[in-house]
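In: here is the input, now give the coordinates:
(2 chains)
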Amino acid sequence: MGKRLLSFLMASAALGGIAEAKTVIHVMHQGDPGWVATYGEIAKRFEAANPDVDVELIYAPHDAYNEKFSAAVMSKQLPDVMELDAPFLANYVWSGYLQPIKPLVDKDVIDDMTESNIAQGTYPIDKDLYAVGLTDSSVVLYGNKKYLEAIGARIPKSVDEAWTREEFEGYLEKLSKLEGVKWPIDTFRGYGIKTEWITYAYGPILQSAGCDLIDRKTWKSVGTLDSDPCVEALTMMQKWVTNGWVVPQSSGTNQFFAEGQPAALALGGHWFYAEAAASMKDDIVVMPLPKFGPKGASPNGTWIWGITTASEHPDIAGKFVSFMLKDKLYRDYAREDSAYPGLKSFAADSPLYAAGGPMAVAFEQASKTAIARPPHPAYPAITSAFMGAVDEIFNGGDAKAALSKAAEKIDEDIEENDGYPPFDEQQ
Amino acid sequence: MTLQQTVRPAVIARSASRRDNGRLIQEISMLAPAVILLTIFLVVPFLLSFWTAMTNQPLVPRPTPIRFVGFNNFLRIFRDELFWTSLWNVSRFTFWILPVQCGLAFATALLLHQKLPFRNLFRGLFFLPAITSMVVVCVIWGTLFQYPSGPFNQIIGFLSGGRIQPIDWLGDPNWAMFSIVLLSAWQAYGFQMIVYLAGLQGIPDELYDAARIDGANAFQRFWHVTMPGLRPTHVFVLVITTIQAFKLYTQVAILTQGGPKSSTETVVHYMVRSGFEEQKLGYASAVSVILFLIVLVIALLQRQLLRRFDV
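Out: I've put the predicted structure just below:
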């Protein structure tokens, strides 16, 4: 009887809360169904801890996120908190959508960030922090132990021992003749031709070969993206494709661990580990990305959280971000998904990435070879042009012509926006 | 007599003009809702897009000013190879889809016009794809097209005893557009089928009876009665299909995103891409104006054709 009375009182208290008009926080995010469910639970826990706040989640699909965000801007329905892909940060801050986040989230969260995490959330003009994330990212070379042993490949254990281009291409050739191997490598063309994956994962191959998407001092792409090292690097990748060494786009993204394990290597994101290791067990080896030129290179940056300038309750938005990043169940889910730590406390709690852990090489890359994507407001144009060029080249187009066209397109966009001031002055 | 003749029309005219005034107000008030709505939702946005096409307006507000750029956007579109590729692709698509889709629709309509048992049930069944969402159809066909071991490739492999290599339907620049044609025709032929059925039902039975009495065989009845009777239907179906084909977008956006190697890039996809992905609203508006002009030309040709066939 007492219990019933108590619950009645609680219910009426809850009703009273609604009548008082709760503060509503809109949170825009992306992610696969597992993550979407996780965010839903975080929102519920936050509401339980802050009964006067309502969290409304807005889901936008990964590959159309920027478009969805633009639509929200146009209809003046900006969320309070938004997840954003790190390379787009410069564009969003330049356009005036994000506000400095340091004063809004707990200090211990800021102090907990790794170097790379700070780098991905920093706007290069004022060097202020605009976004923070639990995670970071990297791409490694996964290998199938059976096949690598069969061809007698050297298995690098640290970033310094990474394969050279000659070694790598030699192994691809050998693997292509090995019984049971249908494709020597999966570069995840299955993600599509209009996905950030292309710039994220193939960009470092350019940097390793000695060039870049754009000159990061003059912010001109002509002369850089269409320079010889880039043309050479993409001609090399084109050769892999025409040799039939790469899993075709229409064959999905699971050929590395699917029945019969038709792909021997996989140039894949850290997130691929959980899925692949679950079905391959001890057969999976994690290696650093090969060196295609004088130096090694690997990508970084991932989806991080920012607070928009449109937010009417930036303090509560900041509270939500702090709450989420510290939330234990969020971290548990991230760890299960082999998430790459971007907070030191989370790294300490992730045996997968610790020294001696299976993904230690991926974590080592962050400090040794990671290069961020160009932090420039023209990034949407840069990545879109590069995706187009890669699609053309992989389907037999001339690398020089495709890259020249892409470089011109990028420069044209920058010109059209008057050089995105003040980026035009920054040298 | 003459007096009456000269006076009466004047009286009639006066009362008629008064009546006309009343009728005019009535007509205007009846037209108003449609005219106002069409103006707000069609005419004004259309004129705005003309204006936007002359500026460098970005999709979302930016710190840089918006400028009037005249015909620069149009000139840049005409210089962009990808635009011509997309126009060529849409023409290719149209050239293929016309015979495939209209042929399929015509054949099924002829079949379903016969006095078959359960005729209405079959009509419903054949119409099913047309009421299925294109997005759903795309996802399903995406699976069917899978390479190298999707259902289509397995069927081909089985029928050819493994002699025909699997086809990378959506991943091979030579096949991708054709694959899109197949699935589009399958999804949309139901509408044309209904139009053909209506056309067939509009041909009087007496004509067939007369032809039979004249000793015409089945083929002669088809060629000399059905075909001429369907002439306006044919023209209508061809024109509608052409205009729809020029607006090809959904299938491409879901299955190939314009690739591989721009072999399925279409004008509308190009427009959405420049407007949303590259955020150049002015440029995208210029593309939409060009697309409008193309469709307008087709529509005018339609009028000419219809007039020639005396419809």
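In: contact residues of chain B facing chain A?
Out: For chain B, the residues found near chain A under the criterion CB under 8 Å from any CB of the partner chain are B:56, B:58-64, B:81-82, B:145-148, B:168-171, B:173, B:256-263, B:273, B:276-280. For every residue, glycine as well, the C-beta is placed using N, CA and C.
In: so where's chain A shaky on pLDDT?
Out: When the per-residue scores of chain A are filtered using pLDDT under 70, the ranges that remain are A:1-20, A:426-427.
In: give me the neighbour count for the residue in it that chain B sits nearest to.
Out: Here chain A gets closest to chain B at one residue, A:Asn395, 3.5 Å apart by CB to the nearest CB. By the criterion of other CB atoms under 10 Å in any protein chain shown, A:Asn395 has 23 neighbours.
In: wait, it sits on B:Leu170?
Out: No. Shown here, A:Asn395 and B:Leu170 do not form a contact pair, counting by CB atoms under 8 Å, at 12.0 Å.
In: which neighbours do these two share?
Out: Taking CB atoms under 8 Å, 6 or more residues apart in numbering or on different chains as the criterion, A:Asn395 and B:Leu170 both touch B:Pro260.
In: care to break chain B down by domain?
Out: Chain B is divided into the following domains under automatic domain parsing: B:1-53, B:71-308.
In: out of the residues of chain B next to chain A, which end up buried?
Out: For those, a burial check counting by 16 or more other CB atoms under 10 Å in any protein chain shown picks out B:56, B:58-60, B:62, B:64, B:82, B:145-148, B:168-171, B:173, B:256-263, B:273, B:276-280.
In: in strands only, show me those residues.
Out: Secondary-structure check on those using DSSP state E: no residue lies within strands.
In: what's the spacing between A:Gly260 and B:Thr241?
Out: Using CB to CB, to the nearest Å, one obtains 44 Å as the distance from A:Gly260 to B:Thr241.
In: quick one, phi psi at A:Val246?
Out: Taking degrees, to the nearest 10, you get phi -110, psi 140 for the backbone angles of A:Val246.
In: surely A:Asp85 touches A:Thr302?
Out: Yes. Under the criterion of CB under 8 Å, A:Asp85 lies in contact with A:Thr302, with a separation of 7.5 Å.
In: so these two - more neighbours on which side?
Out: Set A:Asp85 next to A:Thr302 and count neighbours by other CB under 10 Å: A:Thr302 wins out with 25 against 21.
In: list the residues that contact the closest residue to the more buried one other than its chain neighbours.
Out: The spatially closest residue to A:Thr302, leaving aside those adjacent along the chain, is A:Ser137, at 4.0 Å (CB to CB, 6 or more residues apart in numbering or on different chains). Each residue near A:Ser137 by CB under 8 Å, 6+ apart is listed here: A:269-271, A:299-302, A:340.
In: can you rerun that using 7 Å?
Out: Neighbour list for A:Ser137: A:269-270, A:300-302, A:340 [criterion: CB atoms under 7 Å, 6 or more residues apart in numbering or on different chains].
In: for A:Trp245, same thing?
Out: Residues in contact with A:Trp245 (CB under 7 Å, 6+ apart) are A:172, A:176, A:183-185.
In: kindly report the same for A:Phe46.
Out: A:Phe46 touches A:55, A:320, A:323, counting by CB under 7 Å, 6+ apart.
In: the contacts of A:Trp245 in helices, which ones?
Out: Among these, the members falling in helices (DSSP state H) are A:172, A:176.
In: and the contacts of A:Trp245, which of them are buried?
Out: The neighbour-count test (16+ other CB under 10 Å) marks A:172, A:176, A:183-185 as buried among the contacts of A:Trp245.
In: closest to B:Gly157 among these?
Out: Using CB to CB, A:Trp183 is the member of the buried ones among the contacts of A:Trp245 that sits closest to B:Gly157, with 18.8 Å.
In: tell me how far the closest one lies from A:Gln255.
Out: The span separating A:Trp183 from A:Gln255 equals 6 Å under the rule CB to CB.
In: any common contacting residues for these two?
Out: When contacts are counted by CB under 7 Å, 6+ apart, A:Trp183 and A:Gln255 have A:247, A:262-263 as shared neighbours.
In: quick one: list the elements packing against the helix or strand hosting A:Ile198.
Out: Counting by DSSP states H and E, the secondary-structure element that holds A:Ile198 is helix A:197-209. When contacts are defined as 3 or more CB pairs under 7 Å, 6 or more residues apart in numbering or on different chains; DSSP states H and E, helix A:197-209 packs onto helix A:228-242, helix A:379-394.
In: which of those is buried the deepest?
Out: Compared across the helices and strands packed on helix A:197-209, helix A:379-394 shows the largest average neighbour count, a mean of 25 (mean count of other CB atoms under 10 Å in any protein chain shown).
In: and the angle from it to helix A:228-242?
Out: Put simply, helix A:379-394 runs at 50 degrees to helix A:228-242, going by axes from the mean of the first three to the mean of the last three CA atoms, to 10 degrees.
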